[in-house]
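*Asks:* Structure, please.
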Amino acid sequence: MLIKQTQVNILEETKDLIISNDPNQTNVKRVLEVLPMDITTLLDDGFCTITTLGALKATRVHMFDNETMQDAQKRKKLIKKITALSQEAIILLDTFNPKVVAHMVELIALERYQFNALKSDKKTKQKALYYHAEKVIKATEKGLIIAEAMNHTKELVNTPYSHLKASDLARYAKDLERIEGIKVKVLEKEAIQAMNMGAFLAVNKGSIEPPVLIHIEYIGDKNSAEKTALIGKGVMFDTGGYSLKPSTSMVTMKMDMGGAATVLGAIEAIAHLKYPKNVMVIIAATDNRIGDHAIVPDDVIEAANGLTIEIISTDAEGRLTLADALWYAQKEGATQMIDVATLTGAIVAALGEEHIGAFTNQKAFLDKVLNIAEINLEKIWHMPISEGHHKAIKSFSADIKNSGGRLAGASTAAAFLERFVDEKTPWIHFDIAGAAYQEKTGATGRLVKTLTELFNPDNT
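*Replies:* Numbers count the residues shown, from 1 in each chain. Down below sits the predicted model:
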């Protein structure tokens with residue numbers, strides 16, 4: 001764990017102490033009684049550090065202002081004070097307002113994440129950080145669960161193709177069966193062919209690695225017929241196919257399975273939190289490479305729902321895998337669907353890296369998600385799908401084409417996906433191409449918490 005549980009005796013503890021300034025808390029009162037000065041007067045922008053000068057066995061006390069910690073944005077900045085500490089420390093969570101504890105713990109664990117798996121020296125240089133909690137154990141556990149799920153998402157996205165192919169992702173998904181309530185089914189190429197998933201299979205034609213369809217079920221309410229599908233784009237690496245990406249654009253394409261990693265993180269957290277909802281995760285996993293049998297522009301393929309697709313660009317491959325995944329989710333009884341994908345460079349051009357683009361066929365469904373996202377500090381922007389966007393993907397040779405051209409690329413991609421959604425099925429498409437990965441700091445784990453909290457019964 002990135003933050004470990006421990007017991008504490010304030011007067012005997014040698015590690016640094018991290019507390020709030022609430023004088024009504026017993027441990028805060030004990031600290032204030034023995035220190036030679038009133039450190040609550042030293043708080044600067046909600047934080048101060050005091051050397052105890054032998055009054056306590058702990059060398060330093062780090063105090064946070066409870067009122068300042070109520071502001072979520074200020075809380076994020078203050079938490080960096082904890083994660084930057086150079087000495088071992090214990091955070092006394094019971095001294096903080098219970099309403100902020102879960103988010104505090106989550107932020108600490110996220111800040112302490114490091115991607116060391118492929119380094120020769122895997123030892124972290126971070127000093128150990130502990131927590132003590134008796135009255136806020138439930139909130140602490142929730143914060144740790146969400147952070148761990150987000151960090152698992154980051155670990156998957158950060159892992160290069162040499163170490164994470166479609167079959168590896170399937171094994172990772174299968175291991176989630178260790179969590180109560182989760183069942184995993186992995187469909188191999190023969191089963192995918194039997195379902196006539198021509199769009200998904202077309203992307204895989206140039207690869208030496210076989211495709212896999214990952215189907216995860218979490219049953220939180222056996223008495224409900226409602227079932228939400230979380231569908232993640234699982235392109236393990238994207239060369240662009242014969243519509244080859246420039247070399248500078250191909251770097252970081254290990255993150256093109258960021259949608260798959262996001263929905264895997266979400267269902268992990270949902271199951272650990274035992275939310276009483278039914279959720280499935282669907283991932284059509286493959287890479288997009290050049291090979292003797294790879295598709296080329298002008299090809300026409302047929303998706304599982306019978307629609308024919310003209311290939312304009314082999315680099316518009318993610319929507320092909322999602323098309324068949326959306327069809328499959330509905331076949332398996334999804335009553336509402338959310339797909340998550342690093343789908344277009346166009347969304348990055350439109351919104352940059354700060355906002356996630358959202359598209360929907362039912363505004364009320366999206367509004368519900370946006371409310372939860374706002375509570376959880378997730379920035380999402382509602383983008384349009386219009387009749388004009390659908391006209392842009394009409395094809396001369398087939399029913400539709402897989403690219404609408406340079407203009408409104410994110411919206412025409414969403415319009416393409418909408419053709420595979422029953423109009424009666426509420427659906428949201430999240431384009432996370434700009435938000436899933438940062439070149440300097442790696443994967444972000446964004447959207448995992450929002451998707452998790454969508455199923456929190458307290459939010460319904």
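*Asks:* quick one: contacts for residue 254?
*Replies:* Residue 254 sits next to 157-161, 164, 236-237 when contact means C-beta atoms under 8 Å, 6 or more residues apart in numbering. (Glycine included, C-beta is placed from N, CA and C.)
*Asks:* can you tell me which of those are in strands?
*Replies:* Per DSSP state E, strands hold the following members of those: 236-237.
*Asks:* Any of the contacts of residue 254 buried? List them.
*Replies:* 157-159, 161, 164, 236-237 (16 or more other C-beta atoms under 10 Å).
*Asks:* which among those residues gets closest to residue 351?
*Replies:* residue 157 (19.2 Å; C-beta to C-beta).
*Asks:* State the pLDDT value of that closest one.
*Replies:* On pLDDT, residue 157 comes in at 98.
*Asks:* A strand includes residue 110, no?
*Replies:* No: per DSSP: H, G, I helix; E, B strand; the rest coil, residue 110 lies outside any strand segment and is helix.
*Asks:* What separation is there between it and residue 69?
*Replies:* Residue 110 sits 17 Å away from residue 69, going by C-beta to C-beta, to the nearest Å.
*Asks:* Which strands and helices lie in contact with the strand or helix carrying residue 101?
*Replies:* Residue 101 is located in helix 98-111, with elements delineated by DSSP states H and E. Judged by 3 or more C-beta pairs under 8 Å, 6 or more residues apart in numbering; DSSP states H and E, the packing partners of helix 98-111 are helix 72-83, helix 137-158.
*Asks:* For residue 390, find the nearest of these.
*Replies:* Here helix 137-158 is closest among the helices and strands packed on helix 98-111 (C-beta to C-beta), at 31.5 Å.
*Asks:* after the closest one, next one along is what?
*Replies:* helix 166-175.
*Asks:* Summarise which helices and strands that next one is packed against.
*Replies:* Helix 166-175 packs on strand 182-187, strand 212-219, strand 228-238, helix 258-272, strand 278-288, going by 3+ C-beta pairs under 8 Å, 6+ apart.
*Asks:* buried stuff in it?
*Replies:* For helix 166-175, burial by neighbour count (16+ other C-beta under 10 Å) applies to 166-170, 172-173.
*Asks:* Likewise for stretch 415-428?
*Replies:* Neighbour-count burial for stretch 415-428 flags 415-421, 425-428 (criterion: 16+ other C-beta under 10 Å).
*Asks:* among those, which two are most distant?
*Replies:* 416 and 426 (18.4 Å).
*Asks:* how about the nearest residue to residue 105 once chain neighbours are set aside, what does it touch?
*Replies:* Closest residue in space to residue 105, ignoring its immediate chain neighbours: residue 143 at 3.1 Å, by C-beta to C-beta, 6 or more residues apart in numbering. Taking C-beta under 8 Å, 6+ apart as the criterion, residue 143 is in contact with 101-106, 109.
*Asks:* you'd agree residue 205 is up against residue 293?
*Replies:* Yes: counting by C-beta atoms under 8 Å, residue 205 does reach residue 293; the two are 4.6 Å apart.
*Asks:* which one of those two has more residues nearby?
*Replies:* More crowded of residue 205 and residue 293, by other C-beta atoms under 10 Å: residue 205, with 20 against 8.
*Asks:* gap between residue 233 and residue 164?
*Replies:* From residue 233 across to residue 164, the span is 15 Å (C-beta to C-beta).
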